[in-house]
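# sequence? don't have it. structure:
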C-alpha cells in the first residue's frame, strides 16, 4: 500500500535484484522502475548498491552504474574482493549490506516509506529497526522462482511484500540475450 503524499526512498541491492529478475526471465528497466515509484509517492532518493571489480579493463556492470549515476540514482559502490576457494575456484565477494543498512537508518527520519529491493534475510533486523523508527517498509523480491529469492523471515517482517513478477509489465524488459536474438 502506497500513499501519494508519502516520502519514499528506494534501496536497491543490485546483485540481488539482478539475480531475482534473471530467475524470473526478465531484465529490470531502471528508468521505468524509477518512474513507477515516482507515481506511487514523493520519491526522495533511489540508491543502487553494487561491488565493482577493480583493475578489470571492462566490467559488464560499469555501463549500468554510469547510466544510473546520470539518471537520478545515488550509486554506492566498493571494490569487490577476488579470491580462490578451497577447491581452486575463482570467487568474487562484494557484500554491500552494511552500507545499505547505514544509509537506510540515516535517511529514516526524513522518509515515510522505504522500498527495499532484496530478498536477503540478513536485512530482517534492518527492517525491524526502520519500523521501530516509524518507517513503513516494502520489500520487493520473488517467491515465484525456484528456489524462492526471498528469505521467509524478511517477507514476514516487511509491512508489504511486492512480488517482482507482478512488476514485470511496468518495470521489465526482455533479457539482453532475447533482444539480440530478436534483432538477428
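Arrived safely, thanks for sending. On a predicted model such as this, the values are computed, not experimentally measured, just so you know.
# Please count neighbours and contacts with C-alpha atoms only from this point.
Will do.
# First-to-last residue distance for stretch 148-158?
Counting by CA to CA, to the nearest Å, you get 16 Å between the two ends of stretch 148-158.
# pLDDT averaged over it, what's the number?
What stretch 148-158 shows for mean pLDDT is 97.
# Could I get the buried residue list for it?
By neighbour count on 16 or more other CA atoms under 10 Å, the buried set for stretch 148-158 is 149, 150, 151, 154, 155, 157, 158.
# how near is residue 71 to residue 48?
Relative to residue 48, residue 71 is positioned 12 Å away (criterion: CA to CA).
# mind listing the helices for the protein?
Counting by DSSP state H, the segments of the chain that form helices are 14-24, 30-40, 62-70, 97-107, 124-132, 152-157, 168-171, 176-183.
# re the thing from before, out of residue 71 and residue 48, which sits in the more crowded spot?
Under the criterion of other CA atoms under 10 Å, the comparison of residue 71 against residue 48 puts residue 48 first, with 21 against 12.
# so the more buried one touches residue 75, yeah?
Yes. Between residue 48 and residue 75 a contact is recorded at 5.0 Å, counting by CA atoms under 8 Å.
# how many other residues sit next to residue 59?
12.
# ok, and the closest non-adjacent residue to it?
Counting by CA to CA, 6 or more residues apart in numbering, residue 53 is the residue found nearest to residue 59 once chain neighbours are left out, at 7.1 Å.
# ok, that neighbour - contacts?
Residue 53 makes contact with 59, 79, 80, 81, 82 under the criterion CA atoms under 8 Å, 6 or more residues apart in numbering.
# try 10 Å
59, 60, 61, 62, 78, 79, 80, 81, 82, 92, 93, 94 (CA atoms under 10 Å, 6 or more residues apart in numbering).
# Pop out the phi and psi values for it.
phi -70, psi 120 (degrees, to the nearest 10).
# Equivalent analysis for residue 94, please.
In this entry, residue 94 is assigned phi and psi values of phi -160, psi 60 (degrees, to the nearest 10).
# Contacts only, for it.
The contact partners of residue 94, taken as CA under 10 Å, 6+ apart, are 15, 50, 51, 52, 53, 77, 78, 79, 80, 81, 82.
# Give me the buried subset of those.
Buried subset of these (neighbour count, 16+ other CA under 10 Å): 15, 50, 51, 52, 53, 80.
# And the residues you listed, which is closest to residue 42?
Each of the buried ones among the contacts of residue 94 was checked against residue 42 using CA to CA; the closest is residue 50, at 24.6 Å.
# Distance-wise, check that closest one relative to residue 18.
Distance of residue 50 to residue 18, given as CA to CA: 11 Å.
# so what's the nearest residue to residue 93 once chain neighbours are set aside up against?
Excluding its sequence neighbours, the residue lying closest to residue 93 (CA to CA, 6+ apart) is residue 81, at 5.1 Å. Contacts were defined as CA under 10 Å, 6+ apart; by that measure residue 81 touches 51, 52, 53, 54, 91, 92, 93, 94, 95.
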